[in-house]
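Participant: Generate coordinates for the sequence data below:
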Amino acid sequence: MTTSHAPHHAGRLLAWYDRHRRSLPWRAPAGERTEPYRVWLSEIMLQQTTVATVGDYYRRFVKRWPTVEALAAAPLDDVLSAWAGLGYYARARNLYACARAVVDRHGGRFPEDEAALRALPGIGPYTAAALRAIAFDQPASAVDGNVERVIARLFAIETPLPDAKIEIAPRAAELVPNARAGDYAQAMMDLGATVCTPRKPLCVICPLSRACRALKLGIAETLPRRAPKAEKPTRRGLAFVLARRDGAILLRKRPAKGLLGGMDEVPSSPWREGRFSPAEALAEAPVPARWTILDGLVRHTFTHFHLELSVARATATTARLAERAPGSAWCPLDRLDERALPTVMRKVIEKASRA
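Facilitator: Next up is the predicted model:
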């Protein structure tokens, strides 16, 4: 594959896309452009999350907040609650901040200029390129994980990721056509998701197989290579599930910045590496009560560490007990779905309710 083959490459790929394009809730019908708001919303949601997971969240967001102005006017807690379960919650805070910036700085219209897009909260090189290509049909190179894989195989780039990114980016940019740039960007994503898959790529039906150097060398399935990942440390803590006699649970708000920033949580001891004793951690309970440490652990994995939480449960003898835990408040069981509870906290509450 060389740059002289780029027009032929794009033509074959677009012809394949016209026949096999995926039907996705954020994708406009053939021949139409997707609104910038919907492109942006879907791309933020899809970061480090699968298409299958994002679909329902995307539909609910668009139904509730059909425009960037509507999203910007919403309370942050409502946005965080609607995001709960998607993970990587900094994305939700940046999503909200970006919506407000688009309204405040650009009158509710996403800018077409790359520099202006990159100046918005949460929009990096990839999201800016995806917006420019898909929403505005500009010849921008949007390189996500699927596209990295396609390019690494087309050009037989054997340098392990992430170092290979500096070789992949210019190769990908060379192939972007001036016409139908948005369709081309989505075609590359579809190709990586459905044909040029991580394992057992379907090379026999790939529209680019004739040009694929990795296929010729017999190394397609080994690419892209990745540098060994450092082993994730494990942190441990004790979560405190305090319930009133009517079942309401004591929740508190996490600090606005940092891990799970602004989300609701069951109070817990600090999450620490190394030796951990649940019995000793009882001293860090939010209020005095007859705490019972439950058998078993709640396990959850974040980007940079594993988490193991022991769970302590108690019943409040008086509703006024919450006054002794500043920043905390009771939440009725039938309203938990309205709160911005991250997945790990829902696991904790579920464990306490089953025990």
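Participant: switch to C-alpha atoms for all contacts and neighbour counts from now on
Facilitator: OK.
Participant: Quickly find the element holding residue 117.
Facilitator: Using DSSP states H and E, residue 117 falls within helix 114-118.
Participant: pLDDT value on the closest residue to residue 203 other than its chain neighbours, please?
Facilitator: In this structure, residue 203 finds its nearest non-sequential neighbour in residue 209, 6.1 Å apart by C-alpha to C-alpha, 6 or more residues apart in numbering. Here, the pLDDT recorded for residue 209 equals 96.
Participant: Show residues contacting stretch 145-162.
Facilitator: Identification of contacts with stretch 145-162 by C-alpha atoms under 8 Å, 6 or more residues apart in numbering yields 1, 164-165, 167-168, 171-172, 188-193, 196-198, 208, 211-215, 219-220, 223-227.
Participant: Straight-line length of it, end to end?
Facilitator: Taking C-alpha to C-alpha, to the nearest Å, stretch 145-162 runs 11 Å from one end to the other.
Participant: Repeat that for stretch 144-160.
Facilitator: With C-alpha to C-alpha as the measure, stretch 144-160 spans 16 Å from end to end.
Participant: how far out from the middle of the chain is it?
Facilitator: 22 Å (C-alpha atoms, centre = their mean, to the nearest Å).
Participant: cool, stretch 345-355 as well?
Facilitator: Centroid separation for stretch 345-355 versus its chain: 24 Å, with C-alpha atoms, centre = their mean.
Participant: contacting residues for residue 127?
Facilitator: So residue 127 contacts 40, 43-44, 142 (C-alpha under 8 Å, 6+ apart).
Participant: same thing with residue 225?
Facilitator: Contacts of residue 225 (C-alpha under 8 Å, 6+ apart): 158-161.
Participant: what about 10 Å?
Facilitator: 149, 152, 157-164 (C-alpha atoms under 10 Å, 6 or more residues apart in numbering).
Participant: What ranges does the chain have for its strands?
Facilitator: With DSSP state E as the criterion, the chain has strands at 234-243, 249-253, 264-265, 272-273, 292-293, 298-301, 306-315, 328-331.
Participant: nearest to residue 9, of those strands?
Facilitator: strand 298-301 (40.2 Å; C-alpha to C-alpha).
Participant: buried ones in the closest one?
Facilitator: For strand 298-301, burial by neighbour count (16 or more other C-alpha atoms under 10 Å) applies to residue 298.
Participant: swap in stretch 291-307?
Facilitator: 291, 293, 297-298, 306-307.
Participant: same check, this time on stretch 97-112
Facilitator: Burial within stretch 97-112, assessed by neighbour count using 16+ other C-alpha under 10 Å, is assigned to 97-103, 108, 110-112.
Participant: what about stretch 226-245, start to end distance?
Facilitator: Stretch 226-245: ends 53 Å apart by C-alpha to C-alpha.
Participant: Actually, stretch 112-131.
Facilitator: End-to-end span of stretch 112-131 (C-alpha to C-alpha): 8 Å.
Participant: Start at 29, not 1
Facilitator: Let's use 29 as the start, then, which means that last one is stretch 140-159.
Participant: Can you list the low-confidence ranges for the stretch 279-383 of the chain?
Facilitator: Applying pLDDT under 70 to the stretch 279-383 of the chain picks out residues 347-352.
Participant: what about the helices in it?
Facilitator: Under the criterion DSSP state H, counting those that start in this stretch, helices of the stretch 279-383 of the chain are mapped to 306-309, 371-382.
Participant: Mind putting the ones you listed into a markdown table with mean neighbour count and distance to residue 62?
Facilitator: Compiled in a markdown table, the helices of the stretch 279-383 of the chain are given as follows (neighbours: other C-alpha atoms under 10 Å; distance: least, C-alpha to C-alpha, whole Å):
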| stretch | mean neighbour count | distance to residue 62 |
| --- | --- | --- |
| helix 306-309 | 14 | 52 |
| helix 371-382 | 17 | 31 |
